[in-house]
Structure formats: structure tokens, C-alpha cells
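Undergrad: Just need the structure, nothing else, for what follows:
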Amino acid sequence: MNLEGSIVFFGVKNLEETDSFYRDKLGLELYKDQGLCRIYRVPGGGMLGFCTHQEVISREKSPIITLLTPDVDGWYKKLKEKGVEAGEEPKSNPRFKIYHFFLRDPDGYTLEIQRFLD
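TA: This is a model prediction of the structure:
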């Protein structure tokens with residue numbers, strides 16, 4: 001009896017706007033369109049699902065959707081070029097031994113683009 005993967009679901013206000021953000025801006029592949037929910041494949045494993053029938057719950061930095069990449073600076077530049085407000089430039093965080101930056105998706109969820117430094 002093996003597990004095959006994972007999906008984390010989030011509520012959205014506007015599924016089309018969210019779809020454009022995750023597909024056009026971040027380049028995630030749409031895995032499944034269920035009408036009220038769209039599920040995106042995250043390279044390296046796992047999936048993110050966004051549903052109109054779920055409540056949007058976002059606070060200052062909770063929850064955080066973290067996407068890993070060896071090229072944090074490249075992602076920052078790419079997102080800025082696509083008109084995404086990416087906040088502060090990437091920086092090192094010695095406490096967690098990461099290099100990262102934060103941005104927000106259309107529903108206010110915090111995204112973190114990061115790489116581990118160790």
C-alpha cells in the first residue's frame with residue numbers, strides 16, 4: 001500500500017486570475033481542471049489545487065507556498081519582467097540557511113521562491 005503523491009488545496013476568489021498566475025507567470029502545468037478546482041503539477045513532486053468552493057484564508061505570511069529552485073535570482077528577474085510584484089530582492093536567511101524572496105498570488109497567499117544553502 002503506497003502513497004502516490006500529494007495535493008494541497010487552497011480557496012480562490014477568481015479561478016481564471018489564479019490560473020493565469022500559476023500557468024502564465026510561474027509556468028506550472030495544469031494537471032486537472034475539475035470545473036470548481038484546478039490542480040497544477042509542481043516540478044519535483046506534489047501538486048497545488050485551487051478551488052472556488054473553498055474559503056480564501058491568507059494572512060501576512062500564512063500559509064506559505066514554497067517553490068524550490070537553484071536559480072532564485074533568475075526567478076526574481078523573470079517574475080518582475082512578467083509584471084509580478086515580487087517585493088524585496090532575494091536575500092540570505094542565515095537562521096534557516098536559505099536564499100529566498102517572497103511574493104503574493106492573486107488571492108494574497110504568500111509564495112516563497114527559495115534554495116537551500118547547505
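Undergrad: all helices of the chain, in order?
TA: 15-19, 72-81 (DSSP state H).
Undergrad: what about K80, neighbour count?
TA: 13 (other CB atoms under 10 Å). Every C-beta, even on glycine, is put in place using the N, C-alpha and C of the backbone.
Undergrad: can you tell me which residues contact it?
TA: K80 sits next to A86 when contact means CB atoms under 8 Å, 6 or more residues apart in numbering.
Undergrad: And the helices of the chain: which comes nearest Y109?
TA: helix 15-19 (9.3 Å; CB to CB).
Undergrad: ok now that closest one, how far from the chain's centre?
TA: Here the centre of helix 15-19 is set off from its chain's centre by 13 Å, with CA atoms, centre = their mean, to the nearest Å.
Undergrad: and that helix, which residues are buried?
TA: Buried residues in helix 15-19, counted by 16 or more other CB atoms under 10 Å: 15, 18-19.
Undergrad: Would you mind checking which of those is nearest to D73?
TA: T18 (25.6 Å).
Undergrad: which residues in the chain form strands?
TA: If DSSP state E is used as the criterion, the strands of the chain fall at 7-11, 29-33, 37-41, 47-51, 64-68, 91-93, 98-104, 110-116.
Undergrad: I'd like those written out as TSV, with distance to E81, mean pLDDT and mean neighbour count added.
TA: Listed next are those as TSV, based on distance: least, CB to CB, whole Å; pLDDT from 0 to 100; neighbours: other CB atoms under 10 Å:
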stretch	distance to E81	mean pLDDT	mean neighbour count
strand 7-11	26	95	15
strand 29-33	21	97	12
strand 37-41	21	98	19
strand 47-51	23	97	20
strand 64-68	17	93	15
strand 91-93	20	96	11
strand 98-104	13	95	18
strand 110-116	14	95	18
